[in-house]
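J.: any chance you could fold what I've pasted below:
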Amino acid sequence: MMKTLSFIGGAILIFLLFAFGIPVVTYEGAPIFFSILGALVCSILLAIAVGKIVPKPNNSEYKEQAQQDPTGCWMAVAGVVFFIGFCWYFIANGNSRREDELKQFGTYTVATISDGSSGGSGSILTLKFLNKKDEKCTVNFDISGRDFGKFYKDQQLPIIYSEKNPSIIQPLFDDKDYAKYTGTKVRDIAIKDLQHLYTLKTQKEITAYLNSVNHEWKYDYLQQDSSDLYLNEFKAIGIKIKGERISYILDEANVNVFDSQLKDAGFEELETGEKLSPKEQLIMQTMRREHIFITHNYMAVIRNEQMEPMERKNSDDITFKVPRQVTVITLLKK
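T.: Residues are numbered from 1 along each chain as shown. Sure thing, here's the model as predicted:
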């Protein structure tokens, strides 16, 4: 009985070591290795304990039964069950400890993709960033092979990193990630936001409002046409304001992106220009029409535009061009 208890006690100690004793930063360096190793050791110790608990038919009167001793079978089954259970727990617990670390010590910054590789063993992005002490940090982050092609060299990527252990990071791939790790809810720009911009008078007010909707808007003034440009590089969107014309630029071809919102806001879709005033018809002549929506106070024009191809670099430093087609939603106040 004492030997059985010693094996169970050993399994408990190993479990506590791998679940809570190994520092998060160490565990994060090889989470699969530590999870499998901890599960394997715990499973072996508990399987041995099971083998000692299962009664053995070793009485001479049951010699025939002893030749068919089921102890080994019980140990094998118990070992497999324990191994699967511990593997699942250690992986989930490692992820939970990592998330707790980022929520407690996480700091927002912008990283640059300096390199990347994809192969049979998985796909990796190499990210470089400066921490709060202005120290240069380089961290490798594992991603799925399916998502690897979405990224390119020198691309900027918002991340959360641990001030305590800067090697622990989490790229913010979408609004859900941003809200989860920063506690700030964000959403996509809606038609009501474009309408609200007409009530704001200064560049500072507009930038603050846009950053309250989603993060990292930057302002630029375009001298060639005397317009104000607000860019959000991480969401690949922009807003251009010139006089009473506000254009929302979306880096994808989707002329139906605001159809339902416009109709819910009371806009009527026009198939021809018959209901347009002479001034509105003049405006339409300078724009490639796709969809037109109109109310008493606004006119909205949604169209696709072909843009200059973007230059990107792959992991071998080879520059290539990517075709671009964007959707432009232009709102005009009457």
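J.: ranges for the helices of the stretch 151-300 of the chain?
T.: 175-182, 191-197, 203-213, 259-264, 278-285 (DSSP state H, counting those that start in this stretch).
J.: to residue 49, which of those lies closest?
T.: Nearest of the helices of the stretch 151-300 of the chain to residue 49, taken as Cβ to Cβ: helix 175-182 at 40.4 Å. Just so you know, the C-beta spots here come from the backbone N, C-alpha and C atoms, and that holds for glycine as well.
J.: how about that closest one: buried residues?
T.: 175, 178, 180, 181, 182 (16 or more other Cβ atoms under 10 Å).
J.: then stretch 212-221?
T.: 213, 214, 215, 216, 217.
J.: ok, these vs residue 20, which is closest?
T.: Nearest to residue 20 among those, with distances taken as Cβ to Cβ, is residue 215, at 34.2 Å.
J.: isn't that closest one up against residue 234?
T.: Yes: counting by Cβ atoms under 8 Å, residue 215 does reach residue 234; the two are 7.3 Å apart.
J.: mind listing the shared neighbours of these two?
T.: When contacts are counted by Cβ atoms under 8 Å, 6 or more residues apart in numbering, residue 215 and residue 234 are jointly contacted by residue 158.
J.: returning to that earlier point: and the buried residues of helix 175-182, which is closest to residue 257?
T.: residue 175 (16.0 Å).
J.: quick one: neighbours of the nearest residue to the closest one once chain neighbours are set aside, just the number.
T.: Of all residues not flanking residue 175 in the chain, residue 186 sits nearest, at 4.6 Å (Cβ to Cβ, 6 or more residues apart in numbering). The number of residues packed near residue 186 is 17, by other Cβ atoms under 10 Å.
J.: so residue 186 sits against residue 215, correct?
T.: Yes: the criterion here is Cβ under 8 Å, and residue 186 meets it with residue 215 at 6.2 Å.
J.: name the residues contacting each of the two.
T.: What both residue 186 and residue 215 touch, as defined by Cβ under 8 Å, 6+ apart, is the set residue 178.
J.: residue ranges in the stretch 51-200 of the chain under the pLDDT threshold?
T.: Low-confidence segments of the stretch 51-200 of the chain (pLDDT under 70): 55-69, 120-121.
J.: do the same with the stretch 201-334 of the chain
T.: Residue ranges of the stretch 201-334 of the chain with pLDDT under 70: 271-290, 306-325.
J.: please redo it, this time with the cut-off set to 50
T.: 285-288, 320-322 (pLDDT under 50).
J.: would you map the strands across it?
T.: For the stretch 201-334 of the chain, the strands defined by DSSP state E, counting those that start in this stretch occupy 218-222, 227-232, 237-242, 245-250, 268-270, 291-294, 298-313, 319-333.
J.: now distance to residue 107 too, for those strands, in a markdown table please.
T.: Formatted as a markdown table, the strands of the stretch 201-334 of the chain follow (distance: least, Cβ to Cβ, whole Å):
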| stretch | distance to residue 107 |
| --- | --- |
| strand 218-222 | 20 |
| strand 227-232 | 21 |
| strand 237-242 | 25 |
| strand 245-250 | 30 |
| strand 268-270 | 46 |
| strand 291-294 | 43 |
| strand 298-313 | 28 |
| strand 319-333 | 32 |
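J.: and residue 237, how many neighbours does it have?
T.: By other Cβ under 10 Å, the residues close to residue 237 number 21.
J.: now do the contacts for the residue nearest to it when sequence neighbours are not counted.
T.: Of all residues not flanking residue 237 in the chain, residue 250 sits nearest, at 5.6 Å (Cβ to Cβ, 6+ apart). Residues near residue 250 by Cβ under 8 Å, 6+ apart: 236, 237, 257, 326, 327, 328, 329.
J.: got a ChimeraX select line for the buried ones in those residues?
T.: Only the buried entries of the contacts of residue 250 go into this ChimeraX selection, using 16+ other Cβ under 10 Å:
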select :237,257,326,327,328,329
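J.: so what's the nearest residue to residue 262 once chain neighbours are set aside up against?
T.: Leaving aside its chain neighbours, residue 262 sits nearest to residue 293 (4.5 Å; criterion: Cβ to Cβ, 6+ apart). With contact set as Cβ under 8 Å, 6+ apart, residue 293 has these partners: 262, 263, 267, 268, 269, 270, 299, 300, 301, 302.
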